[in-house]
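Colleague: sequence and computational prediction follow.
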Amino acid sequence: MAQSKLGRNAFTVQESVNMDSFTEWYYQVLALSDDADSTYITSERPAKKIVLYATPGAASTLEAGDVMSITINGSAGTGQKLLIDLGDLPFTITGILMTSLNCELTTGEGADDTVALMSFH
């Protein structure tokens, strides 16, 4: 019986050229009160596309002026950070293989602040 392959070797040459080819997707709610790492985006299962959006039905205090930082393919302390104004949600990143994702709220406050993440692999 054939084993399913994960990571960069999971696709044929044509599929790896086509970044719009997905075999699975995951949904996760990230709490922004502390550093939030995605548990589904790993080096064994890299994401080709992510969509960040306001968590549906959540009692969140996110406002348009709040800023969230995202670190892709690195730890929160060492990686390059992308700053996103939360008024710009939903926010999509595509076109690169992402092996890790960390989100944290840099301005704004609230213990109930969350953001939803859909990752496509």
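Modeller: Perfect, I can see it now. Residues are numbered from 1 along each chain as shown.
Colleague: now for the helix or strand containing Leu52, which elements pack on it?
Modeller: Secondary structure assigned from DSSP states H and E places Leu52 in strand 47-54. For strand 47-54, the elements it packs on are strand 91-98, strand 101-107, strand 114-120, judged by 3 or more C-beta pairs under 8 Å, 6 or more residues apart in numbering; DSSP states H and E. To be clear about C-beta, it is placed using only N, CA and C from the backbone, and glycine gets the same treatment.
Colleague: pLDDT on that strand, on average?
Modeller: Averaging pLDDT along strand 47-54 gives 92.
Colleague: residues contacting the helix or strand just after that strand, please?
Modeller: Going down the chain from strand 47-54, the next helix or strand is strand 67-72, by DSSP H and E. Under the contact criterion C-beta atoms under 8 Å, 6 or more residues apart in numbering, strand 67-72 has outside partners 32, 52, 79-86, 93, 96, 98, 100-108, 115.
Colleague: now the angle from strand 67-72 to strand 101-107?
Modeller: Put simply, strand 67-72 runs at 160 degrees to strand 101-107, going by axes from the mean of the first three to the mean of the last three C-alpha atoms, to 10 degrees.
Colleague: angle of the helix or strand following strand 67-72 against strand 91-98?
Modeller: Toward the C-terminus, strand 67-72 is succeeded by strand 81-85 as the next helix or strand (DSSP H and E). Between strand 81-85 and strand 91-98, the angle comes out at 160 degrees (the same axes, to 10 degrees).
Colleague: okay, buried residues for strand 81-85 please.
Modeller: In terms of neighbour count (16 or more other C-beta atoms under 10 Å), strand 81-85 has its buried residues at Ile84.
Colleague: what pairs with it, parallel or antiparallel?
Modeller: Paired strands of strand 81-85, with direction, are strand 67-72 (antiparallel) (DSSP bridges).
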